[in-house]
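[1] Please find the sequence and the predicted model below.
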Amino acid sequence: MGRRPRRFHPEQSDIDALPEPQSSSPALTLRPNPSRGATTLFYTLPEAGPVSLAAYDPLGRELAVLWEGAQSAGSHQLTFTPPAGQQARSVIFYRLVSQGRPLGAVRALSLR
């Protein structure tokens, strides 16, 4: 004998307790991906404050700090060319932190 599926009871659901998403778009995106050299990163900050944007290899070693310092709220972009040793075919991870909170992370593929 199989188990009977449970019925959904909306009045008993916790769906209203879920937090609202911060934004309909991700905080960090990049183009092109995959790339054959330079990559442009686009990011949005919900409020002004200290920001850190860094690139990492697949083992978690920091390759470069792309930005560290105060920035205003709103949209920003910057272009990054991987260091010579990372320009061979590889994966690079980018991580955006603002006000001590992670806002986004993205994986990129370098095809050089």
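    Received it, and whenever you're ready, just let me know what you need.

[2] how far out from the middle of the chain is the helix or strand containing residue 41?
    Secondary structure from DSSP states H and E places residue 41 in strand 39-45. Chain-centre distance of strand 39-45: 9 Å, with C-alpha atoms, centre = their mean, to the nearest Å.

[3] Quick one: low-confidence residue ranges for the protein.
    1-25, 83, 85-88, 112 (pLDDT under 70).

[4] Might one say that residue 95 is in contact with residue 60?
    No. With contact defined as C-beta atoms under 8 Å, residue 95 does not count as touching residue 60 (10.1 Å). Glycine gets a C-beta too; all of them are placed from N, C-alpha and C.

[5] okay, the two: which has more neighbours?
    Neighbours per residue, other C-beta atoms under 10 Å: of residue 95 and residue 60, the larger number sits with residue 95, 17 against 7.

[6] Tell me what that one is bridged to.
    residue 54, residue 105 (DSSP bridges).

[7] Adjust the sequence numbering to begin at 875 for everything that follows.
    Shifting the count to begin at 875 puts that one at residue 969.

[8] and it, what is it in contact with?
    Residue 969 makes contact with 926-928, 930, 976, 978-979, according to C-beta atoms under 8 Å, 6 or more residues apart in numbering.

[9] For the residue lying closest to residue 942 once chain neighbours are set aside, pull up the helix or strand it's in.
    Once flanking residues are discounted, residue 942 sits nearest to residue 926: 5.0 Å by C-beta to C-beta, 6 or more residues apart in numbering. Here residue 926, judged by DSSP H and E, is contained in strand 923-930.
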